[in-house]
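S.K.: Got a predicted structure here, sequence first:
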Amino acid sequence: MGNQMTNRSTKGTTPTGMVMTWLLMLAVMIGSSPAAHAELLIRITEGADSAIPVAVVPFAESGTMPSGDKISSIIRDDLTMSGEFKPLPPEKMLSLPSKGDEVYFRDWRLLGQRYVLVGQLTRTGDKIEARYELYDVNREERILGATASSSVNSTRSLAHHISDKVYEAITGVPGAFSTKLAYVTLQRSGGKALYRLQVSDVDGKRAKVRLESDEPILSPAWSPDGKRLAYVSFETGKPAIYIHELSSGNRTRIADFRGLNSAPAWGPDGRSLLMTLSKDGNAEVYKMDIQSRSLKRLTNHWSIDTEPTWIIRVKVSSLRLIVPVGRRSTTSPVRVRNPAGLPSVAATMPARGQTMTASTSTMCIRETRRFI
């Protein structure tokens, strides 16, 4: 039985951004884990043909830093994992600047780099502060400058946060490196099976086992606030749907009807679940109010209805043109009509010979992890 994984933030990404999600899912669906207690290994071997060259210079350090992967290394791995960037190996860099006035753009152009990220880390007690700057090499200007901090034990969260900001500054789309993965591993030993529901960083690091069972665990689904998981467990000998609070570990069995109880899908407000039940004889889709446990049957067909998905409609009052950083634009006003048929809006035309792309607002369900 293959492993399962779900990423808490897949909506609202670009088609190229979906490369990361697809590859991550493939990495754990290949087969059962021979050592389920080991760290989930996600190896990205190929990205987009037009991957953007970016140099993530090792950050200067002041004070004793915690052991383990360097923050700059984690950022490089994050950007590589997206499939949209091609970070320059540090050993190929001609210099190691840590702030803007040390960046010589000519050197980075010779190396074929479009962007350069530099930064400084300072430790004060049990706190790590990062000051970082992102530069456009061709335009020779800073496009991002910020400060962020974390506890000494949360430097990976700090690195993922910086990766999110860099990704958004270049692509115009929020990064998803601070989100979490939920997945199920299967380990077989001596003819026995052991299933583990685990939660990890988006790169597979810092994995924690949330549930162990000798019976199958299926279909983990994140709540909109990222604080709960819904899943199917066979621990009682038959499928039942549970809600698991990650902070406390409390579990509640909310659907244990006769027959099939499967495919939970959270409502956008986190107060309801879609699910597939066969309690009335055929597999149909129901909506359950979590607090009252009341059910509403949504389908009625002789075939099997399963894997329901919410479609979130967002009213868009404006349309934003996304022109990649580094492209010059004119101020000539134009009118653009988006594919959804919304009213046309004023926009700015990119320079001649360049492609103008428009993006409408979409709903992105994800947890904002607070670590500063």
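M.R.: Noted; the coordinates are in hand.
S.K.: what about the most centrally placed residue in the chain, helix or strand, and which?
M.R.: Central residue of the chain (CA atoms, centre = their mean): residue 176, 3.4 Å from the mean position. Using DSSP states H and E, residue 176 sits in no helix or strand.
S.K.: What does the pLDDT read for it?
M.R.: Per-residue confidence at residue 176 stands at 93 (pLDDT).
S.K.: What of residue 289?
M.R.: Per-residue pLDDT puts residue 289 at 96.
S.K.: ok, what's across the strand from it?
M.R.: Per DSSP bridges, the residues bridged to residue 289 are residue 272.
S.K.: can I see the domain layout of the chain?
M.R.: The chain breaks down by automatic domain parsing into domains covering 4-171, 219-311, 320-359.
S.K.: same question for the longest one, mean pLDDT?
M.R.: Model confidence over domain 4-171 averages 82 on the pLDDT scale.
S.K.: And the domains of the chain: which comes nearest residue 196?
M.R.: With CB to CB as the measure, domain 4-171 is the member of the domains of the chain nearest residue 196 (5.1 Å). (C-beta placed from N, C-alpha, C; glycine too.)
S.K.: what separates the closest one from the chain centre, distance-wise?
M.R.: Computed by CA atoms, centre = their mean, to the nearest Å, the chain-centroid distance of domain 4-171 equals 14 Å.
S.K.: all strands for the stretch 201-350 of the chain, in order.
M.R.: 208-213, 217-222, 228-233, 240-245, 251-255, 261-266, 272-277, 284-289, 295-297, 320-322, 329-336, 345-350 (DSSP state E, counting those that start in this stretch).
S.K.: and residue 132, which of those is closest to it?
M.R.: Closest approach to residue 132 among these is made by strand 320-322 (22.8 Å; CB to CB).
S.K.: circling back: of all the domains of the chain, which one comes closest to residue 182?
M.R.: Minimum separation from residue 182 across the domains of the chain (CB to CB) falls at domain 219-311, 4.1 Å.
S.K.: one step back: do you know how far the residue nearest to the centre of the chain is from residue 201?
M.R.: 11 Å (CB to CB, to the nearest Å).
S.K.: do residue 133 as well
M.R.: For residue 133, the distance to residue 201 - CB to CB - is 25 Å.
S.K.: Please identify which of the two sits among more neighbours.
M.R.: In this view residue 133 and residue 201 are compared by other CB atoms under 10 Å, and residue 201 has more residues nearby, 22 against 19.
S.K.: Just confirm the more buried one contacts residue 156, I think it does.
M.R.: Yes - here residue 201 lies in contact with residue 156, judged by CB atoms under 8 Å, at a distance of 6.5 Å.
S.K.: if we can go back for a sec, ok, which of the domains of the chain comes nearest residue 205?
M.R.: The closest of those to residue 205 is domain 4-171. By CB to CB, the value is 6.3 Å.
S.K.: residue at max distance from the center of the chain?
M.R.: In the chain, residue 281 marks the outermost C-alpha relative to the chain mean, sitting 38.2 Å out by CA atoms, centre = their mean.
S.K.: what would the domains of the chain look like in a markdown table with distance to residue 195?
M.R.: What follows is these, written out as a markdown table (distance: least, CB to CB, whole Å):
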| stretch | distance to residue 195 |
| --- | --- |
| domain 4-171 | 8 |
| domain 219-311 | 9 |
| domain 320-359 | 40 |
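S.K.: So the residue nearest to residue 52 when sequence neighbours are not counted versus residue 206, what's the distance?
M.R.: Distances taken as CB to CB, 6 or more residues apart in numbering put residue 85 closest to residue 52, at 5.1 Å, once the chain neighbours are dropped. Relative to residue 206, residue 85 is positioned 23 Å away (CB to CB).
S.K.: Looking only at neighbour counts, state which of those two leads.
M.R.: When residue 85 and residue 206 are compared for neighbours, residue 85 comes out ahead with 24 against 14, by other CB under 10 Å.
S.K.: which residues touch the more buried one?
M.R.: For residue 85, the contacting residues are 47, 51, 52, 53, 54, 79, by CB atoms under 8 Å, 6 or more residues apart in numbering.
S.K.: Unless I'm misreading it, residue 282 sits right up against residue 302, doesn't it?
M.R.: Yes - here residue 282 reaches residue 302: they are 6.7 Å apart, a contact under CB under 8 Å.
S.K.: what about the two, which has more around it?
M.R.: Using other CB under 10 Å, the more surrounded residue of residue 282 and residue 302 is residue 282, with 16 against 6.
S.K.: Mind jotting down where the helices sit in this protein?
M.R.: With DSSP state H as the criterion, the chain has helices at 18-29, 71-82, 105-110, 155-171.
S.K.: Can you say which of those helices is nearest to residue 306?
M.R.: Set against residue 306 and scored by CB to CB, these come closest in helix 18-29, at 18.7 Å.
S.K.: Flag every buried residue along stretch 109-116.
M.R.: Neighbour counts using 16 or more other CB atoms under 10 Å place 113, 114, 115, 116 of stretch 109-116 among the buried residues.
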